[in-house]
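J.: Here is my input; please provide its structure:
(one chain, ligands or ions: 1)
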Amino acid sequence: MAYENIRLEKDGPIAVLTVDRPKALNALNSATFHEMDDAIRSLKDDTRALIVTGGGDKAFVAGADIAEMVTITAAQAREFSALGHHVFQSLENLPIPTIAAVNGFALGGGLELALGCDLIYASEKAKLGLPEVTLGVIPGFGGTQRLTRLVGRSRAKELLFTADRIDAARAKEIGLVLDVVPADKLMEHCRAVAARILKNGPLAVAQAKRVVEYGADQDLRSANELERQGFAVLFGSEDQREGMAAFLAKRPAAFQGK
Ligand code: CAA
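T.: Here you go, the predicted model:
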């Protein structure tokens with residue numbers, strides 16, 4: 001599939017997905033979602049980390065495309081919401097870490113995209129928020145739920161109700177972004193985090209992601225059972241033998257992802 005609204009670039013084991021409609025501040029319309037869906041599906045086993053960012057120098061993603069939504073019906077809105085949910089859920093389902101490089105405005109659906117990633121880093125010029133109530137709607141791509149789980153109900157409600165646009169430093173203070181870095185160092189920072197992850201056993205990283213994601217929705221007892229299963233299953237892997245043998249032999253592990 002040829003892409004018009006996104007770019008997917010491979011840099012060794014790291015893929016970079018750039019939402020690239022800078023004239024509309026990378027707003028997410030249906031066509032963009034379909035391209036993102038295709039790009040996510042197209043990732044092969046040799047991709048071991050995915051960085052998501054925005055094209056141009058102003059925005060990560062400034063939200064769902066308001067021009068596309070202005071006249072849609074409730075039924076179409078439900079469909080559009082389901083499409084966004086599907087794409088962000090598929091980021092969560094990927095067995096590799098996903099990293100949001102928030103390089104500018106991350107508003108509405110843009111913040112929801114970042115929230116669908118495992119790790120969120122922001123440039124000093126990033127501005128984040130959920131302005132949907134200013135448009136007479138609420139977030140429709142998981143923002144009400146993922147933000148609440150990340151920063152707690154009270155902070156989430158504050159952002160949802162006020163539509164405040166917060167800067168990167170404040171976003172870090174409330175636990176919404178992990179780190180704030182100078183704009184020209186953001187991609188380097190995200191690649192460096194990915195590189196640290198890539199040194200580790202890929203099956204173990206995938207299990208860690210899986211048990212955190214599935215466990216977060218469950219009671220502690222069930223979630224800990226998931227962890228026990230994930231732990232046990234890794235003992236059927238060559239990577240576990242290699243990782244532990246390498247430790248005992250005082251050499252770096254050569255993981256195969258098997
Ligand atoms: N949808 C469609 N177009 C958008 C857009 C969006 N979300 N955000 C920006 N654009 C377009 C603008 O219409 C403008 O287009 P034209 O040049 O053709 O007029 C272009 O991008 C540049 O934007 P501005 O001129 O507004 O740039 P600015 O620097 O003055 O302001 C901004 C930047 C504060 C981010 C402002 O563009 C803005 O407030 N954007 C909308 C943010 C928003 O409300 N997002 C939530 C959308 S709703 C949503 O996401 C719902 C959901 O969860 C499903």
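J.: contacts, neighbours, all on C-alpha from now
T.: Will do.
J.: Contact partners for the residue positioned nearest the centre of the chain?
T.: Nearest to the mean C-alpha position of the chain, by CA atoms, centre = their mean, lies Cys117 at 1.3 Å. Cys117 sits next to Phe88, Leu91, Glu92, Pro97, Thr98, Ile99, Ala100 when contact means CA atoms under 8 Å, 6 or more residues apart in numbering.
J.: quick one: secondary structure of it?
T.: coil (DSSP: H, G, I helix; E, B strand; the rest coil).
J.: From the contacts of Cys117, pick the one nearest the ligand.
T.: Phe88 (11.9 Å; CA to the nearest ligand atom).
J.: tell me which strands and helices the helix or strand hosting the closest one is in contact with?
T.: Using DSSP states H and E, the element containing Phe88 is helix 74-93. Judged by 3 or more CA pairs under 8 Å, 6 or more residues apart in numbering; DSSP states H and E, the packing partners of helix 74-93 are helix 30-42.
J.: Run the angle between the helix it packs on and helix 74-93 for me.
T.: Angle between the axes of helix 30-42 and helix 74-93 is 30 degrees (criterion: axes from the mean of the first three to the mean of the last three CA atoms, to 10 degrees).
J.: Can you list the buried residues in the helix holding Phe88?
T.: Going by neighbour count (16 or more other CA atoms under 10 Å), the buried part of helix 74-93 is 80-81, 83-93.
J.: Enumerate the residues of the stretch 101-250 of the chain near the ligand.
T.: When proximity is defined by CA under 6 Å from any ligand atom, the stretch 101-250 of the chain lies next to the ligand at Phe105, Leu107, Gly108, Gly109, Pro131, Glu132, Pro139, Gly140, Phe141.
J.: Just those residues: which are in helices?
T.: Among these, DSSP state H puts Gly109 in helices.
J.: if I look at Ala163, how far off is Ala232?
T.: Using CA to CA, to the nearest Å, Ala163 is found at 45 Å from Ala232.
J.: If you could redo that for Asp184, that was the one I meant.
T.: Separation of Asp184 from Ala232 (CA to CA): 42 Å.
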